[in-house]
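Participant: Everything below, folded, please.
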Amino acid sequence: MAVTIQRTSRRRRKNRALMSDINVTPFVDVMLVLLIIFMVTAPLLTVGVQVDLPDTKAGAVSGQDEPLAVSVDAGGQIYIQDMAVDLDTLVPRLHAITGNNPDIRIFVRGDRAINYGRVMAVMGQINAAGYRRVALIAQEPGKAAKRPPAKK
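Facilitator: Coordinates of the predicted model:
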């Protein structure tokens, strides 16, 4: 009886073919989940304050470090990244965020409807605090965003 069991087990092995296909279904499932995650989080990575930037013909500023964005919206409210601050508390917040590093790049984004003096007051505060790498951000002509009609 032991001999017949061995023969049947050998026959079973011979009848089974080796599986040479790779099951890609779990791989595709993981890739689709990652795609959805990136599609949802990518818009959140941009600066959260909506500012209608003016147009310019200047070239893009290149740099490897991540700049800090200070925005002034159409109502005159000042934001560091997406956190609202007053003009009086702007410098202490910048020192807390940057760790008193005067070499960090700071981009000032001013809405086209805001008074130029308000933007210059913000830049003056930042410059007086010792930050020397301060730049204005403007919209490139080819990448103009959809704007509402100008109010008269």
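
Participant: show me where this protein has helices.
Facilitator: Counting by DSSP state H, the segments of the chain that form helices are 2-15, 25-41, 90-98, 116-128.

Participant: quick one, which of the ones you listed is nearest to residue 75?
Facilitator: helix 116-128 (10.1 Å; C-beta to C-beta). C-beta: built from backbone N, CA, C; applies to glycine.

Participant: quick revisit: now the helices of the chain in JSON lines, please, with extra columns for mean neighbour count and mean pLDDT.
Facilitator: Rendered in JSON lines, the data for the helices of the chain read as follows (neighbours: other C-beta atoms under 10 Å; pLDDT from 0 to 100):
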{"stretch": "helix 2-15", "mean neighbour count": "8", "mean pLDDT": "54"}
{"stretch": "helix 25-41", "mean neighbour count": "10", "mean pLDDT": "90"}
{"stretch": "helix 90-98", "mean neighbour count": "15", "mean pLDDT": "87"}
{"stretch": "helix 116-128", "mean neighbour count": "15", "mean pLDDT": "87"}
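
Participant: Distance to residue 110 for the ones you listed - can I get that in a markdown table?
Facilitator: Putting the helices of the chain into a markdown table (distance: least, C-beta to C-beta, whole Å) gives the following:
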| stretch | distance to residue 110 |
| --- | --- |
| helix 2-15 | 77 |
| helix 25-41 | 28 |
| helix 90-98 | 14 |
| helix 116-128 | 4 |
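
Participant: Which among the ones you listed is found nearest to residue 66?
Facilitator: helix 90-98 (11.4 Å).

Participant: contact partners of that closest one?
Facilitator: Applying C-beta atoms under 8 Å, 6 or more residues apart in numbering, the contact partners of helix 90-98 are 68, 70, 78, 80, 83, 85, 104, 106, 122, 125-126, 128-129, 131.

Participant: Okay, residue 111 and residue 22: tell me how far apart.
Facilitator: 54 Å (C-beta to C-beta, to the nearest Å).

Participant: whoops, I mixed them up, residue 89
Facilitator: 58 Å.

Participant: the more surrounded of those two?
Facilitator: Neighbours were tallied for residue 89 and for residue 22 using other C-beta atoms under 10 Å; the higher tally belongs to residue 89 (13 against 7).
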